[in-house]
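Enquirer: Make a model of this:
(one chain, ligands or ions: 1)
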Amino acid sequence: MLEGKIENLKVDSTNVLSVLGTNRDLTLSKKIEKLTIELTNILSVVGTSGEIDASNKIYEVFADMPYYKKNPNLLSHLDFKNDTLGRKNVVAIVKGEKTPSDKTVVLIGHSDTVGISDYSGFEEYATKPYELAKKLKELKLPADVRENLDSGNWLFGRGIFDMKCGVATIMTIMEDITENISEFEGNLVFAAVGDEEESLGGMLAFVPELVKLQEEHGFEYQAVVDTDYMSPRYENDEQKNIYVGTVGKLMPSFYVVGKETHVGQPYKGLDPNLITSAIITEIDKNIEYSDIVDKEVSLPPITLRNRDLKEEYSVQIAKTANLYFNYATHVSTPDMVLEKMKGAAEGHLKR
Ligand SMILES: [Zn+2]
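Expert: The predicted structure is shown next:
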């Protein structure tokens, strides 16, 4: 996970369409849109029972396909380990029948989403893309958002982009492949995983399952394709980027202990917020901390949390604070990053 490089293949939208073919494009894209809406209609915020509703729906859609009616053993639920909510992944396998082959591509999509508190006042529309678009028209919006909304070319809704449309795309293409299974060579293993936005319970349960499936079916894994979202790399970027490789993610954390004092005697104490702000100034968005492999620079660290741990208002300053960073890696190992983080804190504070 921590090794690897990232490259981006630039593909324009014409090429993307030609990959899908011509005549079936419309039917496929309509099917993808329909399923995307159906999946978005289910509120599946990470850490809630809605995640189970989403995985049940995905299971039902597969179970309804003629291929899985004929091959029910190739479709299964996979429980998370020790999960109090009882969440589960859906695993669907396709076995090509053109010529015998062990070659297998793994496909991954997550069915959970982040919360909806940022929809303040519009929560009930977060799962209803068409109604939401109408409601959004009532708002005062920035010009570029208004333009996208009025174009009618975009769908809005919680998790529709990250990544229910990606899950719907895989499922629809799998259905299309199974309808002509005698023409398909190789195998597919798809997992719709949950808990992606929080603790990765779904993926952690799926990894040992992949090893088990390899032993049971003799699969030779060739590649893993994740259809999570991609976005423009800069303003007006028209390229559709496909990312190859892996990026590691770490979350270096600092716990800062200062010394309380009354605000009337500021020099008698040590403000932990002053220390965290100095650490942030040193590390945040500083590409000196990025990994560079094959001219690819990993994203610089940025804070995911910065707070003091004072529980209520008083005229005494905070004693402790904590902060943590999102830290993307291409080659650095956790111990290397820890050394860099210690150096960052010590180096800056000496200045
Ligand atoms: Zn995602």
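
Enquirer: Quick check: nearest residue in space to Ile37, chain neighbours excluded?
Expert: Pro129 (5.8 Å; Cβ to Cβ, 6 or more residues apart in numbering). C-beta here means a position set from N, CA and C on the backbone, and glycine is covered the same way.

Enquirer: How about the contacts made by that neighbour?
Expert: 37, 40, 155-157, 160 (Cβ atoms under 8 Å, 6 or more residues apart in numbering).

Enquirer: Within reach of the ion, which of these are there?
Expert: Applying Cβ under 5 Å from the ion to the contacts of Pro129, one finds that nothing falls near the ion.

Enquirer: quick one on the thing from earlier: can you give me the pLDDT of the residue nearest to Ile37?
Expert: Note on Pro129: pLDDT of 96.

Enquirer: Just give the number of residues close to Leu43.
Expert: Neighbours of Leu43 under the rule other Cβ atoms under 10 Å: 19.

Enquirer: just checking, it touches Gly50?
Expert: Yes. With contact defined as Cβ atoms under 8 Å, Leu43 counts as touching Gly50 (4.7 Å).

Enquirer: before we move on, back to that, quick check: the residue nearest to Ile37 vs the ion, distance?
Expert: From Pro129 across to the ion, the span is 17 Å (Cβ to the ion, to the nearest Å).

Enquirer: Thr178 should be in a helix, yeah?
Expert: Yes. Under DSSP: H, G, I helix; E, B strand; the rest coil, Thr178 sits within a helix.

Enquirer: Could you check how far it is from Lys164?
Expert: 21 Å (Cβ to Cβ, to the nearest Å).

Enquirer: one step back: farthest-separated two in the contacts of Pro129?
Expert: Ile37 and Phe156 (11.3 Å; Cβ to Cβ).

Enquirer: what's next to stretch 220-233, contact-wise?
Expert: Residues contacting stretch 220-233 (Cβ under 8 Å, 6+ apart): 102-110, 161-163, 166-167, 169-170, 186, 210, 214, 238-243.

Enquirer: residue ranges with poor pLDDT in the chain?
Expert: Scanning the chain for pLDDT under 70 picks out 1-25, 348-351.

Enquirer: Quick check: residues of it near the ion?
Expert: Going by Cβ under 5 Å from the ion, the residues of the chain near the ion are 162-163, 228.

Enquirer: May I ask which of those residues has the most neighbours?
Expert: Met163 (24 neighbours).

Enquirer: nearest residue to that one other than its sequence neighbours?
Expert: Asp228 (4.6 Å).

Enquirer: same deal with Thr99?
Expert: Nearest to Thr99 is Glu185, by Cβ to Cβ, 6+ apart, at 5.5 Å.

Enquirer: I'd guess the one you found is in a helix, am I close?
Expert: No. Counting by three-state DSSP, Glu185 is located in no helix; its state is coil.
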